[in-house]
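Following is a predicted model, sequence given first.
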Amino acid sequence: MNYFESSHRQRWIFTSPQLLDIRKALRAKSIATIAKVREDARGAESGPPDKPSGNKLKPIRLEEESRLCKYYQGKMQQVCKALTFPDKVAAAALLFFKRFYLTFSSLDHDPKNIMLTCIYLACKIEEAYIGADQFCSLVRQDSQSVLRNELNVLHGLMFDLITHPPLRALDGFFQDLLVWKANAANADEALHRLDAAGMSKARGAAQAALDALMLTDAPLLYSPSLVALAALRAGFRKIEVPSGKYLEHVTSAQQTAAAEQADVGAPLEHEQVMAQLGELDKLGQEGAAPVDEAEVRKIDRKLKACHNLLLDPESDIYKQKAAAAQQQLKEDRDSKWQLKRAASQAAEAELLGVLPTLQQDISSHKRKRDDGDV
């Protein structure tokens, strides 16, 4: 599907203020739910109703949520590489993860559990299927946990499973670059003289830059092609080869395409592209910065101490609610069966009541016929 007509562009590209507002609202909603659950639990306990609580809510801060999610996204990349999944699986899994946490807060669903389900789902969507049991044996996790979260993830994604990761655009740019530098008269001299080994180094550096960008909000803020272009530029900077002329070529080509096609949106001017690439460079630096594992462990402990028990399958409240729901389902099913049985018995009784009368009428008719009255 064309990116400009896709659900990816229509529903999953935002501005920075929009992302902040969404995350603040999700966090506030989750904290309100957690507070209510605790209040209800205290109300169910014996003791004075005005007894003060010694357990004040201490949810993780918004920036802590961000660091926790970044850490687990890095783990997702490591898992996909360790299991030699195609790059497209890792790209789709990361986009699923990012989208999910724009529908739910990490206070509702632990990122540690969601990340594996996102990878498993991406394997199915990107035609690299692996069974849940086999996948979970490789990552040493319970398959039921992965499968139990699958519907939650689909709900969080609003069932939008089509993604346009920057990886495809990056591959396309490098293929286009090879053709362009072989034919362009105004190519940067160092780029024009770059051999296959140099291009391979640039491609590897660009991939590393893209991996860093994928740990940030970049795929939620910019088009896949712009994120890929930022990674390409970062890759050539890494090997100290200028790529400015090629960037001008790309901008010009996009403007030409926009003039010929009405469905690709208004193209950016070269100055606008360069400004946005500068913003992406900053995001890339954030993504490349390592996450302190000791800090993550502290955040994780805070999350476990204050999270939405109604959505935690390991919590007593969740188990009680699930058991009550199962019991209600059983009672509803039994009630429907009783009603159906009662209706069947009533119909049978009515039929049995009519049959003797019919038999009498038939016998009387036969007698009259034999007597010659009919």
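Noted; the coordinates are in hand.

use CA for all of it now, contacts and neighbours both
Fine.

Any stretches of the stretch 1-150 of the chain with poor pLDDT?
Where the stretch 1-150 of the chain drops to pLDDT under 70, the residues are 1, 42-55.

Any figure for the gap between D108 and I114?
11 Å (Cα to Cα, to the nearest Å).

Please apply the same query to L107.
In this view, L107 and I114 are 12 Å apart by Cα to Cα.

Keeping just the C-alphas, turn the helix or strand where K245 lies into CSV.
K245 is part of helix 244-260 when elements are defined by DSSP states H and E. This file holds the C-alpha atoms of helix 244-260, laid out as CSV (Å, rounded to 0.1, in the frame of the first residue of the first chain):
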residue,chain,number,x,y,z
GLY,A,244,25.1,16.9,0.3
LYS,A,245,24.7,16.7,-3.4
TYR,A,246,22.8,13.4,-3.2
LEU,A,247,20.4,14.9,-0.6
GLU,A,248,19.7,17.7,-3.1
HIS,A,249,19.0,15.1,-5.7
VAL,A,250,16.6,13.3,-3.4
THR,A,251,14.7,16.5,-2.6
SER,A,252,14.5,17.5,-6.2
ALA,A,253,13.2,14.0,-7.2
GLN,A,254,10.5,14.1,-4.5
GLN,A,255,9.4,17.5,-5.7
THR,A,256,9.2,16.2,-9.3
ALA,A,257,7.2,13.2,-8.1
ALA,A,258,4.8,15.4,-6.2
ALA,A,259,4.2,17.5,-9.3
GLU,A,260,3.3,14.4,-11.3
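
helices and strands around the helix or strand following that helix, which ones?
Going down the chain from helix 244-260, the next helix or strand is helix 270-288, by DSSP H and E. Here helix 270-288 touches helix 196-213, helix 224-238, helix 244-260, going by 3 or more Cα pairs under 8 Å, 6 or more residues apart in numbering; DSSP states H and E.

what mean pLDDT does the shortest one have?
To tie it back to what came earlier, the one meant is helix 224-238. Mean per-residue pLDDT for helix 224-238: 94.

Please apply the same query to the last one.
When pLDDT is averaged along helix 244-260, the result is 78.

Would you mark the buried spots in that helix?
245-252, 254-255, 258 (16 or more other Cα atoms under 10 Å).

How far does it sit from its chain's centre?
32 Å (Cα atoms, centre = their mean, to the nearest Å).

Show me what it is packed against.
Helix 244-260 packs on helix 270-288, going by 3+ Cα pairs under 8 Å, 6+ apart.

So what touches the helix it packs on?
209-210, 212-218, 226-227, 229-230, 234, 248, 251-252 (Cα atoms under 8 Å, 6 or more residues apart in numbering).

What of stretch 167-181?
By Cα under 8 Å, 6+ apart, stretch 167-181 touches 87-88, 91, 187, 191-192, 203, 210, 224-225, 228-229, 231-232, 246.

So for that stretch, what gets flagged as buried?
Buried residues in stretch 167-181, defined by neighbour count with 16+ other Cα under 10 Å: 167, 169-170, 173-174, 177, 180-181.

cool, stretch 273-285 as well?
Using 16+ other Cα under 10 Å as the burial criterion, the residues of stretch 273-285 that qualify are 273-274, 276-277, 280-281, 283-284.

for stretch 289-305, same thing?
296, 299-300, 302-303.

Distance to M158 and secondary structure added to those residues, as CSV?
Below are those laid out as CSV (distance: Cα to Cα, whole Å; DSSP: H, G, I helix; E, B strand; the rest coil):
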residue, distance to M158, secondary structure
V296, 29, helix
I299, 28, helix
D300, 27, helix
K302, 29, helix
L303, 25, helix
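
of the buried residues of stretch 167-181, the lowest pLDDT goes to which?
Lowest pLDDT among those: K181, 83.

and it, helix, strand or coil?
Secondary structure, DSSP: H, G, I helix; E, B strand; the rest coil: K181 is helix.

what does stretch 230-239 contact?
Against stretch 230-239 from outside (Cα under 8 Å, 6+ apart): 170, 173, 201-210, 213, 242-243, 277, 280-281.

What strand or helix carries the nearest residue to H8 once chain neighbours are set aside?
Computed as Cα to Cα, 6 or more residues apart in numbering, the closest residue to H8 that is not its neighbour in sequence is T163, at 6.1 Å. Counting by DSSP H and E, no helix or strand carries T163.

same check, this time on the one 10 residues further on
Per DSSP H and E: F173 is located in helix 166-183.

Quick check: next helix or strand after that helix?
helix 189-192.

Run the chain-centre distance for that next one.
Put simply, helix 189-192 sits 41 Å off its chain's centre (Cα atoms, centre = their mean).

quick one: contacts of it?
Contact with helix 189-192 is made by 181-182, 241-243, as judged by Cα under 8 Å, 6+ apart.

Sort out which one of these lies nearest Q338 for me.
Of all the contacts of helix 189-192, S243 has the smallest distance to Q338: 76.3 Å, by Cα to Cα.
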